[in-house]
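**Q** just the structure for this:
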Amino acid sequence: MNREQAYLRMLDSTANMQWNIAIMLEAKAAEAEKMRNWICNHLHSHSFDSEQAQLGQSIQMHDQVIEVIDGIAKLNQGMVSILKAVLQQEEEMGESYGDAMPSIGKGFSFGDKN
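**A** Now for the predicted structure:
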């Protein structure tokens, strides 16, 4: 397997990771909506013995959300490092071959009609 194929596999796996993250977020959103409905309908201040118990329950729920966000942030950092490696390699190849090998970003117009 040459370098180009290896980089393409890295990009493909990054795309698959992004797809899986999207699926997980969708499932977490549905779960969060169900949890929100249950909390709004069943948890009231009179459901707890003290304000301390109510605060503890709220903190526990927020900690779970923070763990999910932290996990997704770590996955995204991994994907960024893969993309940096691929883009850095492309820049090095572009410099060594001169203008014979165009860059990914060249030739794209983002709404400019000049």
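**Q** for the chain, which helix is longest?
**A** With secondary structure taken from DSSP state H, the chain has its longest helix at helix 51-97.
**Q** ok now that helix, how far from the chain's centre?
**A** 6 Å (Cα atoms, centre = their mean, to the nearest Å).
**Q** lowest average confidence, helix or strand, in this protein?
**A** Every helix and strand of the chain was ranked by mean pLDDT, DSSP states H and E. The lowest is helix 51-97, at a mean of 81.
**Q** what sits against the residue most central in space within the chain?
**A** Nearest to the geometric centre of the chain sits Asn76, at 4.4 Å (Cα atoms, centre = their mean). Taking Cβ atoms under 8 Å, 6 or more residues apart in numbering, we find Asn76 in contact with Ile21. For the C-beta atoms, the positions are set from N, CA and C on the backbone; glycine is no exception.
**Q** offset the numbering so it begins at 10, please.
**A** Will do, 10 is the new start, and the previous item becomes Asn85.
**Q** quick check: the gap between it and Asn46.
**A** Per Cβ to Cβ, to the nearest Å, Asn85 is found 29 Å from Asn46.
**Q** Ile68 now?
**A** 20 Å.
**Q** give the contact list for Met88.
**A** Contact analysis of Met88 by Cβ under 8 Å, 6+ apart lists Thr23, Met26, Gln27.
**Q** write the PyMOL selection for whichever of the residues you listed are buried.
**A** This is how PyMOL selects the buried members of the contacts of Met88, with burial counted by 16 or more other Cβ atoms under 10 Å:
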select buried, resi 23
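**Q** same list (the contacts of Met88) but as TSV, adding distance to Val77.
**A** Below are the contacts of Met88 laid out as TSV (distance: Cβ to Cβ, whole Å):
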residue	distance to Val77
Thr23	20
Met26	16
Gln27	16
